[in-house]
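>>> With the input below, show me the fold.
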Amino acid sequence: MSCLRVRLLLDMTFLQGAINLSSRDLPCLPSALFEIHLGIKPEPLKSVPVEPPITTATSTDLLATRRKGNENAPSWYEAQDLEVLKAWSNEIMELQPEISMFGSLKTVDLHNNKLTALPDSFADLTALTVVNLSHNQLTSLPTNFWALPNLTTLNLSHNALTALPFGAPFAGQDSNPLGRTRDPRGNWFEQSITRATEPLPRLTTLEVTHNRLSARSIDHSPDGHGLPALLSQIDVSENPLGKSDSLFRALGRLERLKEIRMQRADIGDESFPPSIFASSSGTLFPALKVLDLEETHVSRPAVEAAFVPTALKQTLQFDVTNQEPPEGVLRVIVGKRVIKEAWEIEAEKRTKLRRQAAAADSFSSIFSQPSASGKQEVAKEPWEIEAEQGLLSEGAKRRARALAAAAASSASASTSGPNGSTSNQPSPRKNTVVEKEPWEIEAEQGLLSAGARRRARAAAILAAASSSNAGEPSGPAAPKTPSPTSSSPRTHTPTTVASALAHPHFYCTSTQTLTLPPSTPPSKAAHARSFSLAAPAWGKSPGGAVSELALAIPSPTLPLAAIAAQPFAQTLKVLILANRRNDTSFSIPASAGPFLSNLEELSLENCNLGDSVPVSHVSEGAEDFTQRTSEPLLPLLARLFPSLRTLDLSYNALTSAALTGDALSSLILADPPAAAEDGTVVRKGLRQLRLRGNKFNELDGFRQLAERFKGNRDVPEWKLEELDLRDNEIGKLPPELGMLPLDVFLVDGNTFRIPPRRVWEREGTKGLLSWLRGRME
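Below is the predicted model:
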């Protein structure tokens, strides 16, 4: 059925001038495409010496059909030149050099393949306007590619490019940009072709995200051929740019540049020195509207100091909205992106203006109208006066009235004698004692709510525990749980990291399990745009006495430096770190590992971890972290916890780039028995690996592991029994996975359609693995 569909597509291409061969597992472009349109058969490729057969009608068959007088057969004047070629999401590793003979090609979409290089003749397609080569493995492009005269849109994202040599076709003395690329197998044409005399003269959109580009490797020399002159959008996000001041000066000379995006690029304030545009003449960035520096090391003061009004005519705006920036405004995005509505920005502006006006009025009134005492009298509101007098509640007002009445009666009794004469003797009557209601007493002591009472009891328990540890004798009559109505003041003892980790709420001695509390960012408040990362107040904490214990625990997702220092570290078997998303980093001791030598189960579910994590090394006895470094997650876990048997990384942000063969081998496989004789720590091998809800789209790393079982069903290092890959973006299951000896293999919720769901729903894991082995054979 697949061959028949490809045949129909190739036949229709002859009439339509466009073909879509996407998602068909093709190792290369079909030779029949060249036979139908050009009447030639391309030479076999080195990467595909034997092309899979595709039965289709060739140009000779079409001619024979027309000679027989079939009226439905296409005529020669109905044929269309091939202008659109789409072959994305295949297995193409190499292109035929004969592709340059499709001189009318305008659109080429080959994204999500395995291309490592393009033939030099690809640059002869001078009619190209749109090229998408993203999600491949390209390290460089043909020299004359940068001289394509009609190219307007170029997408090279997610490759391995290390340079963008725009001026390469024009730099060498022997360069001949007008000459046709010569093929070692022969000259296809002798005529010269028309190339550009400057780098990509019509290019308007350039996307090169997720490569290995530095600012120096992007050709932007002002002396020679630099950046494309008509460039309006450039995206170099997720690249190790480094110092980029010269690149920004070159971008500032582009008159039509509207958007610069450098999200999560390795760039800092050193790229924006105050004198960055001092040597530039004229107005810079005349059309720029968006400068996106989201989640980089660039700060707002550095941008404000660099973009001075003398060099930039636009007004800087650091607020982000969903609307396009108005004319004369340059929107700069630094730090974390927070999208605001237009009315929010206007309200903030008005509030700021009112505060400035109020400050100016108060300043002028202080110096223009001083009071007689030399101090400015501030008019107080009625509620402020009542608050100062302690009369905010109704009970306080009643007590004040009762005390006033008692004082008045006492004064009248002391001034009147038995015959009506005045007397200075005090009255034997006692002042009237006003009885307080229980809720008034609790309100005065801050114990009005059940949570406050729980916190008071927890504070008393912690105080008693700390005093007993310090050797101080406690009174036998002292109650363990104070009464909520007790009038004694509450004492609060700060909680240490050791006492918090050893608290029964987190550490279970019987199961040797440590469960740390979640540290997710706070939920949205009443206002949709307002939030705070400050610690919650005592009165608002939902956990009562647990809140102080949670605050004492370090904020990193894995505070291994604090855990390894505890007495129970060497016997800990289970570590649960679910939902710790606030600070996605690891803090580990500076000494050489491994740590937690008996840990068998680790759960990092829903911690927002990526392929690499920031790691802070903490010296023994030190309180501050050293400078953070970034390390790959899977090899780091394998090094820290060699005895791990169950690992849960569900609902994180891992991609297929993390699932390399070496990383999976170090994490999953056990060490051979001979390694134990060397005295080193031996890896026991994983039994359960849960990777549900991540961003995997391919499983090349698992395919490499499965190669170990070819011709050898018994691999002693393999211990894995359960593999959970549900709810990812996997588009294809490699047939080699059928060789893995798994008891549980879960793949629901992915994007592949083959095999169908009924394979594992009816027969389970064994049926799925058997089906995959059948496809491999």
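
>>> Do a quick rundown of the helices in the stretch 251-400 of the chain.
When assigned using DSSP state H, counting those that start in this stretch, the helices of the stretch 251-400 of the chain occupy the ranges 300-306, 342-368, 382-388, 394-415.

>>> In terms of pLDDT, where does Leu516 sit?
According to the model's per-residue confidence, Leu516 sits at a pLDDT of 90.

>>> pretty sure Leu596 is touching Pro642, no?
No - if you go by Cβ atoms under 8 Å, Leu596 and Pro642 don't touch, sitting 9.8 Å apart. No exception for glycine: its C-beta is placed from N, CA and C like everyone else's.

>>> mean pLDDT lowest for which of the helices of the stretch 251-400 of the chain?
The minimum mean pLDDT among these belongs to helix 382-388 (a mean of 62).

>>> Strands of the stretch 101-250 of the chain, residue ranges please.
Counting by DSSP state E, counting those that start in this stretch, the stretch 101-250 of the chain has these strands, from start to end: 107-109, 130-132, 153-155, 205-207, 233-235.

>>> Format the ones you listed as JSON lines; extra columns: mean pLDDT and mean neighbour count.
As requested, the strands of the stretch 101-250 of the chain are arranged in JSON lines below (pLDDT from 0 to 100; neighbours: other Cβ atoms under 10 Å):
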{"stretch": "strand 107-109", "mean pLDDT": "95", "mean neighbour count": "18"}
{"stretch": "strand 130-132", "mean pLDDT": "96", "mean neighbour count": "20"}
{"stretch": "strand 153-155", "mean pLDDT": "96", "mean neighbour count": "20"}
{"stretch": "strand 205-207", "mean pLDDT": "95", "mean neighbour count": "18"}
{"stretch": "strand 233-235", "mean pLDDT": "95", "mean neighbour count": "19"}
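
>>> Using a markdown table, lay out those together with distance to Ala117.
Output for the strands of the stretch 101-250 of the chain, formatted as a markdown table (distance: least, Cβ to Cβ, whole Å):
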| stretch | distance to Ala117 |
| --- | --- |
| strand 107-109 | 15 |
| strand 130-132 | 15 |
| strand 153-155 | 17 |
| strand 205-207 | 20 |
| strand 233-235 | 23 |
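
>>> Nearest approach to His505 belongs to which of those?
Distance to His505, taken as Cβ to Cβ, is lowest for strand 233-235 among the strands of the stretch 101-250 of the chain, at 47.8 Å.

>>> which other helices and strands contact the closest one?
strand 205-207, strand 259-261 (3 or more Cβ pairs under 8 Å, 6 or more residues apart in numbering; DSSP states H and E).

>>> Can you tell me what sits against it?
With contact meaning Cβ atoms under 8 Å, 6 or more residues apart in numbering, strand 233-235 is reached by 157, 204-209, 251, 257-261.

>>> hmm, 10 Å instead?
153, 155, 157, 203-209, 218, 227-228, 251, 254, 256-263, 290, 292 (Cβ atoms under 10 Å, 6 or more residues apart in numbering).

>>> Would you mind giving me the ChimeraX syntax to select the buried ones in the residues you listed?
What follows is the ChimeraX syntax for the buried subset of those, where burial is set by 16 or more other Cβ atoms under 10 Å:
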select :153,155,157,203,204,206,207,208,209,218,227,228,251,254,257,258,259,260,261,262,263,290,292
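
>>> got the phi/psi numbers for Ile576?
phi -110, psi 120 (degrees, to the nearest 10).

>>> Could you measure from Leu247 over to Gly226?
Separation of Leu247 from Gly226 (Cβ to Cβ, to the nearest Å) stands at 10 Å.

>>> Sorry, wrong one. I was asking about Leu772.
The value you get for Leu772 to Gly226, if Cβ to Cβ is used, is 52 Å.

>>> Also Ile218?
To Gly226, Ile218 is 9 Å away according to Cβ to Cβ.

>>> Now list whatever residues contact both of these two.
Both Ile218 and Gly226 are in contact with 166, 250-251, where contact means Cβ under 10 Å, 6+ apart.

>>> For these, please prepare a markdown table with the additional fields pLDDT and distance to Leu723.
Written out in a markdown table, the entries for those read as follows (pLDDT from 0 to 100; distance: Cβ to Cβ, whole Å):
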| residue | pLDDT | distance to Leu723 |
| --- | --- | --- |
| Phe166 | 90 | 46 |
| Ala250 | 90 | 49 |
| Leu251 | 91 | 47 |
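
>>> Format these as TSV; extra columns: distance to Leu768.
TSV is the format used below for these (distance: Cβ to Cβ, whole Å):
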residue	distance to Leu768
Phe166	50
Ala250	55
Leu251	52
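
>>> what about the spatially closest residue to Ala578 that is not a sequence neighbour, neighbour count?
Nearest residue to Ala578, sequence neighbours excluded (Cβ to Cβ, 6 or more residues apart in numbering): Glu605, at 4.4 Å. One way to gauge burial is a neighbour count; for Glu605, by other Cβ atoms under 10 Å, it gives 18.

>>> Three-state assignment for Glu605, please.
In three-state terms, and counting by DSSP: H, G, I helix; E, B strand; the rest coil, Glu605 is coil.

>>> How much space separates it from Thr584?
The span separating Glu605 from Thr584 equals 13 Å under the rule Cβ to Cβ.

>>> Mutual contacts of those two, please.
Here Glu605 and Thr584 have Asn652 as joint contacts, going by Cβ under 10 Å, 6+ apart.

>>> which stretch among the helices and strands packed on strand 233-235 comes nearest Thr765?
Across these (criterion: Cβ to Cβ), the nearest stretch is strand 205-207, sitting at 41.0 Å.

>>> who touches that closest one?
The list of residues contacting strand 205-207 from outside it, by Cβ under 10 Å, 6+ apart, reads 130, 132, 134, 151-158, 164, 200, 227-228, 231-237, 259, 261.

>>> go with 7 Å
The contact list for strand 205-207, computed with Cβ atoms under 7 Å, 6 or more residues apart in numbering, reads 153-157, 231-235.

>>> okay if I get these as TSV plus distance to Leu118?
Putting the contacts of strand 205-207 into TSV (distance: Cβ to Cβ, whole Å) gives the following:
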residue	distance to Leu118
Thr153	17
Leu154	13
Asn155	14
Leu156	11
Ser157	16
Leu231	22
Ser232	25
Gln233	23
Ile234	22
Asp235	21
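
>>> quick one: which helix or strand includes Ala638?
With elements delineated by DSSP states H and E, Ala638 resides in helix 633-640, which encompasses its position.

>>> Just after that helix, pick out the following helix or strand.
Moving toward the C-terminus from helix 633-640, the next element (DSSP H and E) is strand 646-648.

>>> got the angle for the very next helix or strand once past that next one vs helix 633-640?
If you walk from strand 646-648 toward the C-terminus, the next helix or strand you reach (DSSP H and E) is helix 661-668. Counting by axes from the mean of the first three to the mean of the last three Cα atoms, to 10 degrees, helix 661-668 points 40 degrees away from the direction of helix 633-640.

>>> what's the offset of helix 661-668 from the middle of its chain?
Distance of helix 661-668 from the chain centroid (Cα atoms, centre = their mean, to the nearest Å) equals 23 Å.

>>> quick revisit: can you say which of the helices and strands packed on strand 233-235 is nearest to Val682?
If you check each of the helices and strands packed on strand 233-235 against Val682 by Cβ to Cβ, strand 205-207 wins as the nearest, at 47.1 Å.
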